[in-house]
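**Q** below: sequence and its predicted model.
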Amino acid sequence: MNREPSSEQLVQKVGELENIIAMLTHTIAGLNASKEYLDNIVNALDDAVFAKDEQHRWVLLNDASCQLMGHPREELIGKSDYDLFPKEQADVFWEKDDLVLRSGNNDINEEEITWRGKLHTISTKKSLYVDPVTEKKYIVGTIRDMTDQKKNSQALQESEARLKILFQFAPDAYYLNDLKGNFIEGNKAAAELIGYKKEELIGKNFLELNLLPPDEIHKAAATLEKNIHGKPTGPDEFTLVRKDGSRVIAEIRTFPVEIAGEMVVLGIARNITERKGTEKRLRMSEERYAMATQAAGVGVWDWNMQTDEFYFDPNLKAILGYSDAEIPSDFAAWVGFVYPDDRQPLMDAYQAHIDGKTPEFVNEHRKQHKDGSTRWIMARGTVIRDARDNPIRLVGTDTDITHRKQAEEALQKAHGELEQRVEQRTAELKALNQALYREIKERTQAEASLKESEERLKRFYHAAFEGMVITEHGKVIDFNRQIADLLGYEPDELLDKDVLDMVAEEDRELVLRNIRSGYDKPYEHKALKKDGSIIEVEVHGQQIQFQGRPARATAIHDLTERIRTETALRKRENELTAKATELEEANAALRVLLKKRDEDRKELEEKFLFNIQELVYPFLDRLKTTRLASKQKSYLAVVESNLNSLISPYGKAFPDGFLKLTPAELQVANFITRGKTTKEIADILNLSNKTIESHRKNIRKKIGIKNKKVNLRTQLLDYMDGTGSPTLISSSAVEDKSMNNK
């Protein structure tokens, strides 16, 4: 027959069990902390994360899910799609959920939903999760709002389509070749320029196609060599041999660019065959005009009455024996060469024609030659008027008629002596007049030809694709409309403007240096618009003669759109790559954490149940078979009640001080929560009132309320039945013990 354990042994066993229970309670608290850590990670994700049970009810939602659905978590948990979405949309969600639950396969889907009156594009991913303990099935998924991304993608595609259209239908030839000269891509104008089909060009180089005459191959190779070293070239003129053997002259610029990580060359070719022919014809025309006017002693002048600018043909100055540089282009200076007696009649004739009193300005006057001799000049001109009949320009010619005047004077002097030869001389004069008429006619034709040439040049200048500006000593003296539009100025604001005022401050030193050095290669700098904004431009300047004076002509090309497009493409590519990497890393971390949590929870539950079954219940069963006194049975009932409460998986963690209580103090604390007085507790535990009071003081000290006006029972209830945590002694056991004592 087994010996019954003594009270002291039972108390010791109960203490050991309570220590085990306290340790397990602490472990559960740690597990709850791990769950809180995992919840923080899930809530930090930008994508919505959710879990549904087999009835399609939400059992888990992160903060992003709540924000997407527009409701707090407590309103959504336990609800289904039909509580939030229209039936037709909820039907689709429900069908996808059922597919995952039945097949166990992942479901990835992109769909459009109407949410809060707006159409959204969302990407969902759903997976099946089976609880290893309860074998319940759950749908775990993520939702990403793709609306903005879809819009941005569509805008990017539209932008690329527009750029492709611009590339294909640009009037200039655009092409790409690799660093070996092999053609990669080209637009319609490129194929038309050399007479080949596009597919005949791709993969071949200019040597295979015999695009260049032998004497220009070396120049093309030098251009490609510069591109290999990352340098742009041009504009350079090349003669291109077309497929049919005909030749065209092209102005070509090349730019090394990087596409998809590979360095290639962008070429821009413009057919200038017609322009070169026009320039050649213009030069020949100007040479013929110069020879004709020089031989005839005729010079052209142009008086702009609005700006008071006066242009002298160098032939005019040559008539008086001066070079072009020796006489300034100034009306007053030119009139200064007129004999004093002839000046007023000359000015009167000018004024009479300007006032509309004469159909043509005609005047003969004398000017002093550089060698001191006299030159007779016949001045002819016509006023040009605006739409309101206001005079704006006076254009004409000066003809050296000295020989004619000398002839007239000789005739007059010999009139008395040569009366008999009047008829003969008259005939000679008539012939001379006819020659003069022919001469004037030729001059008039030459003047018209010159005017036509000037007008053609002006049309070419203003019809250029790029902005054009002519400067003298850094000041604008002429420009086309394109440069005014590019920089945001009105035409009258640009004239005489300092060119550096149109350059960003950081690039002014570069531009000034290039102007002073006569730099004639293309380069880039930042331009300053009228409104203060900055744009990137490419400029190409050349020193020229303009109206007989040294000047600088500069072509300006806006690079803003190209730079903006390239920057936007690179930025968008980097953003998409970074987001994809972040999402993959977050998903991987989440999967690892979820798996680890499930493993830890399962292991803890198994150990807890194993310890209770192997270390506790056998002793309780053995005690029940022994002969126990009434008090011992009460103790055993208390142990069983507390043990049954502790195996519940949920409970509030006790504070650190509470866990330091001794088994005896834990018993006293439990009786206090049941409303027992000191005397009643002493009777139940068979202890003195003084001992119970000592335990009460120790409890207050260990839970941190010593010397505080706090009710001990109220404080203890916060950690026991009042909060749902396991109790130490069941109320039924206490009542049974009280009845026995009575």
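**A** All right, it came through fine.
**Q** endpoints of stretch 528-538, how far apart?
**A** With CA to CA, to the nearest Å as the measure, the ends of stretch 528-538 fall 13 Å from one another.
**Q** what sits up against that stretch?
**A** Applying CB atoms under 8 Å, 6 or more residues apart in numbering, the external contacts of stretch 528-538 come out as 486-489, 493, 501-505, 522-527, 556-560, 563. Bear in mind the C-beta positions are built from the backbone N, C-alpha and C, glycine included.
**Q** could you pick out the buried ones from those?
**A** Buried members of the contacts of stretch 528-538, counted by 16 or more other CB atoms under 10 Å: 486-487, 489, 502-504, 522, 525-527, 556-558.
**Q** quick one: which of the residues you listed is nearest to K226?
**A** Comparing the buried ones among the contacts of stretch 528-538 against K226 with CB to CB places P522 closest, at 12.2 Å.
**Q** for the closest one, what are its contacts?
**A** P232, G234, P235, R253, E538, V539, H540.
**Q** let's see it at 10 Å
**A** P232, T233, G234, P235, R253, F255, E538, V539, H540, G541, A555, H557 (CB atoms under 10 Å, 6 or more residues apart in numbering).
**Q** from what I can see A527 touches G467, true?
**A** Yes - in this structure A527 lies within contact range of G467 using CB atoms under 10 Å: 9.5 Å.
**Q** name the residues contacting each of the two.
**A** Joint contacts of A527 and G467 (CB under 10 Å, 6+ apart) are I483, L486, L487, V537, V539, I556, D558.
**Q** pull the most distant pair out of the residues you listed.
**A** With CB to CB as the measure, no two of the shared contacts of A527 and G467 lie farther apart than L487 and V539, at 12.4 Å.
**Q** give me the domain ranges for this structure.
**A** As recorded under automatic domain parsing, the domains making up the chain are 7-27+616-741, 45-145, 172-271, 278-462, 467-558.
**Q** nearest to R591, of those domains?
**A** Using CB to CB, the nearest of the domains of the chain to R591 is domain 45-145, at 9.5 Å.
**Q** end-to-end on the closest one?
**A** End to end - CA to CA - domain 45-145 spans 13 Å.
**Q** ok, now stretch 199-208?
**A** For stretch 199-208, the separation between the terminal residues is 14 Å (CA to CA).
**Q** gap between it and the chain center?
**A** Centre-to-centre, stretch 199-208 and its host chain are 35 Å apart (CA atoms, centre = their mean, to the nearest Å).
**Q** circling back: shared neighbours, L487 and V539?
**A** G467, V469, A527, I556.
**Q** on that earlier part again, next, format the shared contacts of A527 and G467 as JSON lines and append pLDDT, secondary structure and distance to I681.
**A** Formatted as JSON lines, these follow (pLDDT from 0 to 100; DSSP: H, G, I helix; E, B strand; the rest coil; distance: CB to CB, whole Å):
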{"residue": "I483", "pLDDT": "83", "secondary structure": "helix", "distance to I681": "102"}
{"residue": "L486", "pLDDT": "85", "secondary structure": "helix", "distance to I681": "97"}
{"residue": "L487", "pLDDT": "88", "secondary structure": "helix", "distance to I681": "97"}
{"residue": "V537", "pLDDT": "89", "secondary structure": "strand", "distance to I681": "95"}
{"residue": "V539", "pLDDT": "90", "secondary structure": "strand", "distance to I681": "100"}
{"residue": "I556", "pLDDT": "88", "secondary structure": "strand", "distance to I681": "100"}
{"residue": "D558", "pLDDT": "84", "secondary structure": "strand", "distance to I681": "94"}
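**Q** and the most centrally placed residue in the chain, what element?
**A** Residue closest to the average C-alpha location in the chain (CA atoms, centre = their mean): A568, at 3.3 Å. Using DSSP states H and E, A568 maps to helix 560-611.
**Q** quick one: the helices in the stretch 401-550 of the chain?
**A** 402-413, 422-462, 481-487, 491-494, 508-517 (DSSP state H, counting those that start in this stretch).
**Q** so which bits of the shortest one are buried?
**A** Using 16+ other CB under 10 Å as the burial criterion, the residues of helix 491-494 that qualify are L494.
**Q** pLDDT weak spots in the stretch 251-400 of the chain?
**A** By pLDDT under 70, the low-scoring segments of the stretch 251-400 of the chain are 285-297.
**Q** who are the contact partners of the closest residue to I202 other than its chain neighbours?
**A** Nearest residue to I202 in three dimensions, chain neighbours excluded: F183, at 5.7 Å (CB to CB, 6 or more residues apart in numbering). By CB under 10 Å, 6+ apart, the contact list for F183 reads 175-177, 190, 196, 198, 200-206, 208-209, 211, 267.
**Q** could you rerun that using 7 Å?
**A** Applying CB atoms under 7 Å, 6 or more residues apart in numbering, we find F183 in contact with Y175, N177, L201, I202, G203, K204, N205.
**Q** pick out the most distant pair among the residues you listed.
**A** Y175 and G203 (12.9 Å).
**Q** compare the two (neighbour count), which wins?
**A** Using other CB atoms under 10 Å, the more surrounded residue of Y175 and G203 is Y175, with 23 against 11.
**Q** what bridges to E309?
**A** Beta-bridge partners of E309, counted by DSSP bridges, are N304.
**Q** surely N227 meets V265?
**A** Yes - using CB atoms under 7 Å, N227 is in contact with V265, at 4.7 Å.
**Q** now do the shared contacts for those two.
**A** In contact with both N227 and V265: L179, T254, P256, using CB under 7 Å, 6+ apart.
**Q** most neighbours out of the residues you listed, which is it?
**A** T254 (23 neighbours).
**Q** is it fair to say it lies in a strand?
**A** Yes - counting by DSSP: H, G, I helix; E, B strand; the rest coil, T254 is located in a strand.
**Q** and it, how far from T233?
**A** Remark: distance between T254 and T233 (CB to CB, to the nearest Å) = 5 Å.
**Q** any shared contact partners between these two?
**A** Common contacts of T254 and T233, defined by CB under 7 Å, 6+ apart, comprise T223, N227.
**Q** picking that back up, so can I have TSV of the buried ones among the contacts of stretch 528-538 showing distance to D308?
**A** Formatted as TSV, the buried ones among the contacts of stretch 528-538 follow (distance: CB to CB, whole Å):
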residue	distance to D308
L486	30
L487	27
Y489	23
M502	26
V503	30
A504	35
P522	37
H525	35
K526	37
A527	32
I556	29
H557	35
D558	35
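**Q** looking at those, which is nearest E274?
**A** Closest to E274, out of all of those and judged by CB to CB, is H557, at 21.4 Å.
**Q** so which elements touch the helix or strand encompassing the closest one?
**A** Secondary structure from DSSP H and E places H557 in strand 549-558. Contacts defined by 3 or more CB pairs under 7 Å, 6 or more residues apart in numbering; DSSP states H and E place strand 549-558 against strand 467-472, helix 481-487, strand 534-546.
**Q** which other residues reach it?
**A** 466-472, 477, 483, 486, 515, 535, 537-544.
**Q** from the contacts of F183, which land in strands?
**A** Y175, N177 (DSSP state E).
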